[in-house]
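> Just the structure for this:
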Amino acid sequence: MLLTLALRLGDPTSAEQAEQVFDALVMRGLLRPGWNGLWDLAPISDTELRQLLKQR
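Okay, here's the model as predicted:
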């Protein structure tokens with residue numbers, strides 16, 4: 001999931017930044033563990049992901 005977030009955030013994105021966005025998404029209820037062991041991400045645009053990173 002961190003790799004997916006890093007790719008969506010674009011270059012340059014560090015592992016720490018991807019982790020910060022991951023944490024922010026979980027805290028906001030936009031990212032939840034799915035029943036199949038994968039993560040379920042609510043519909044969110046790449047721009048909104050970048051805004052989360054700026055807020056952190």
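
> Can you tell me the SS state at Glu48?
Using DSSP: H, G, I helix; E, B strand; the rest coil, the secondary structure recorded for Glu48 is helix.

> And for it, the neighbour number?
Glu48 has 11 neighbours, counted by other CB atoms under 10 Å. For glycine as for every other residue, the C-beta is placed from the backbone atoms N, C-alpha and C.

> which residues are in contact with the helix of greatest length in the chain?
Looking across the chain with DSSP state H, the single longest helix is helix 15-27. Helix 15-27 is contacted from outside by 1-3, 5-6, 9, 31-32, 41, 44, 49, 52-53, 55-56, using CB atoms under 8 Å, 6 or more residues apart in numbering.

> And stretch 16-24, how far out from the chain middle?
Distance, stretch centre to chain centre, for stretch 16-24: 6 Å (CA atoms, centre = their mean, to the nearest Å).

> tell me the mean pLDDT over that stretch?
Stretch 16-24 shows a mean pLDDT of 91.

> Let's see that stretch as PDB, backbone CA atoms only.
Extracted C-alpha coordinates of stretch 16-24, given in PDB (Å, rounded to 0.1, in the frame of the first residue of the first chain):
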ATOM      1  CA  GLU A  16       8.400   8.600   5.400                       C
ATOM      2  CA  GLN A  17       6.100  10.800   3.400                       C
ATOM      3  CA  ALA A  18       4.100   7.800   2.100                       C
ATOM      4  CA  GLU A  19       3.800   6.500   5.600                       C
ATOM      5  CA  GLN A  20       2.600   9.900   6.800                       C
ATOM      6  CA  VAL A  21      -0.200   9.900   4.200                       C
ATOM      7  CA  PHE A  22      -1.000   6.300   5.000                       C
ATOM      8  CA  ASP A  23      -1.400   7.200   8.700                       C
ATOM      9  CA  ALA A  24      -3.500  10.300   7.800                       C
END
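
> If you count neighbours, what's buried in the longest helix of the chain?
Going by neighbour count (16 or more other CB atoms under 10 Å), the buried part of helix 15-27 is 17-18, 20-22, 24-25.

> Which of the contacts of helix 15-27 ranks first by neighbour count?
Leu5 (22 neighbours).
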